[in-house]
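Asker: here's a sequence, model it:
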Amino acid sequence: MHKIVKNLREQAKKNPRKIVFPEANDERIIEAVEYINKEKIANALLLTHDNLEVEKQEKYANIFHERKKVKGISFEEARELMENPLYYGAMMVKYDGVDGFVAGARYTTSSVIKAALNCLDLDKTVGTISSCFIIDVPNCLYGEGGTFIYADCGVIPYPSSEQLANISISSARFAKEVLKIIPRVALLSFSTKGSAKGRWVDKMKDAVEIAKSKNSGFMIDGELQGDSALDPKVASRKLDKSDVAGAANVLVFPNLDAGNICYKLTQRLAKARAIGPIILGTKQPCSDLSRGCEVDDIIDCAAVTVVRAQNKS
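Answerer: Numbers count the residues shown, from 1 in each chain. Predicted coordinates:
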């Protein structure tokens, strides 16, 4: 077991929280929930269509309708949504003392994100819903002993400079609060500090300036090529001084293509552990899953969700 995974599971066990899983029709989820409860990583609740309470469905439908009627949602539409365990589970997190939800083994990422957006509170200090992965690469000298945060790999296809700045800050905050590391955030590009030109390079430059203007207190730099971000020798050749270059442990990608491709390549080629996607930007913690996830991936996402809930109390 990777060290970072072991640490997350052990931290979760110190104060297990109630986590809901709305995909009882998936054997991987069932197996993971059994393990999670046995090892006391969380108080895991498996939602089925049979254990959705009618009274709560009515309660949630009324709340949802009241919140969304200005957008044309009828009560009947709200009531129908509450027959979906994903929406029912998200409403449990918001209104009934559940600490987080984990979904995505069967539901698409877009479905999970929509449920989070429609049911949970947005964190206005972040301003952007995004996602990140914890990537743990064995026998790696880069990053935080081989541990990285990759963002965004699951939500925003083509983020603006403002969104990239918000992703940088929310990912750094996640690294600090959950992994207990000092985040060094690199905004990645095919250019290092003006070595190439173009609107995509300008977008990353602007994102860095916006992030710095928010005075988050985090070390954020860019635009940086991958080798400049990770390798201190390369960084020393390509630029004069940076708190991030050559030591980055949070990697922010210019678009979803780059982020998603890189995390999957790292996972397969480097035999890395990839935990996530973890949804950032909501006040209540929740995690998406890749539909190709294994049982251990589900367990680890649950552990992360518990640790995030612990940090919010």
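Asker: can you tell me the SS state at Ser195?
Answerer: For Ser195, the assignment made with DSSP: H, G, I helix; E, B strand; the rest coil gives coil.
Asker: just the one 5 residues further on next, same as before
Answerer: Trp200 carries the three-state label helix when classified by three-state DSSP.
Asker: so what's it up against?
Answerer: Ser189, Phe190, Pro254 (Cβ atoms under 8 Å, 6 or more residues apart in numbering). Yep, even glycine has a C-beta here, placed from its N, CA and C like the rest.
Asker: for stretch 46-63, buried residues please.
Answerer: Going by neighbour count (16 or more other Cβ atoms under 10 Å), the buried part of stretch 46-63 is Leu46, Leu47, Leu52, Gln57, Tyr60, Ala61, Ile63.
Asker: restricted to helices, list these.
Answerer: Among the buried residues of stretch 46-63, the members falling in helices (DSSP state H) are Gln57, Tyr60, Ala61, Ile63.
Asker: in a markdown table: those residues, plus pLDDT.
Answerer: Below are these laid out as a markdown table (pLDDT from 0 to 100):
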| residue | pLDDT |
| --- | --- |
| Gln57 | 91 |
| Tyr60 | 91 |
| Ala61 | 91 |
| Ile63 | 91 |
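Asker: those residues: which two are farthest apart?
Answerer: Farthest pair in those (Cβ to Cβ) is Gln57 and Ile63. Separation: 11.0 Å.
Asker: assign the residue in the chain sticking out farthest from the centre to helix, strand or coil.
Answerer: Centroid-distance maximum for the chain: Arg237 at 33.3 Å, with Cα atoms, centre = their mean. Assigned by three-state DSSP, the conformation of Arg237 is helix.
Asker: over to Tyr150?
Answerer: Here Tyr150 is strand, with the state taken from three-state DSSP.
Asker: so it bridges to which residues?
Answerer: On the basis of DSSP bridges, Tyr150 is bridged to Phe133, Leu251.
Asker: right, and the helix or strand after the helix or strand containing Ala211?
Answerer: Ala211 belongs to helix 199-213 when assigned by DSSP states H and E. Sequence order places strand 219-224 as the next helix or strand after helix 199-213, per DSSP H and E.
Asker: packing partners for that next one?
Answerer: helix 161-174, strand 184-188, helix 199-213 (3 or more Cβ pairs under 8 Å, 6 or more residues apart in numbering; DSSP states H and E).
Asker: pick the most deeply packed of those.
Answerer: strand 184-188 (a mean of 27; mean count of other Cβ atoms under 10 Å).
Asker: pLDDT on that strand, on average?
Answerer: Across strand 184-188, pLDDT averages out at 95.
Asker: orientation of that strand relative to helix 199-213 in degrees?
Answerer: Direction vectors for strand 184-188 and helix 199-213, defined by axes from the mean of the first three to the mean of the last three Cα atoms, to 10 degrees, enclose an angle of 160 degrees.
Asker: re the thing from before, save the helices and strands packed on strand 219-224 as CSV, and put in distance to Ala270 too.
Answerer: Formatted as CSV, the helices and strands packed on strand 219-224 follow (distance: least, Cβ to Cβ, whole Å):
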stretch, distance to Ala270
helix 161-174, 20
strand 184-188, 17
helix 199-213, 24
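Asker: mind checking these for the one nearest to Pro85?
Answerer: Nearest of the helices and strands packed on strand 219-224 to Pro85, taken as Cβ to Cβ: helix 161-174 at 26.5 Å.
Asker: excluding covalently adjacent residues, which one is nearest to the most centrally placed residue in the chain?
Answerer: Centroid-nearest residue in the chain: Ile278, 2.1 Å away (criterion: Cα atoms, centre = their mean). Distance criterion Cβ to Cβ, 6 or more residues apart in numbering; nearest residue to Ile278, sequence neighbours excluded, is Ser287 at 5.0 Å.
Asker: do Ser189 as well
Answerer: Using Cβ to Cβ, 6+ apart, the closest residue to Ser189 is Glu223 (3.7 Å).
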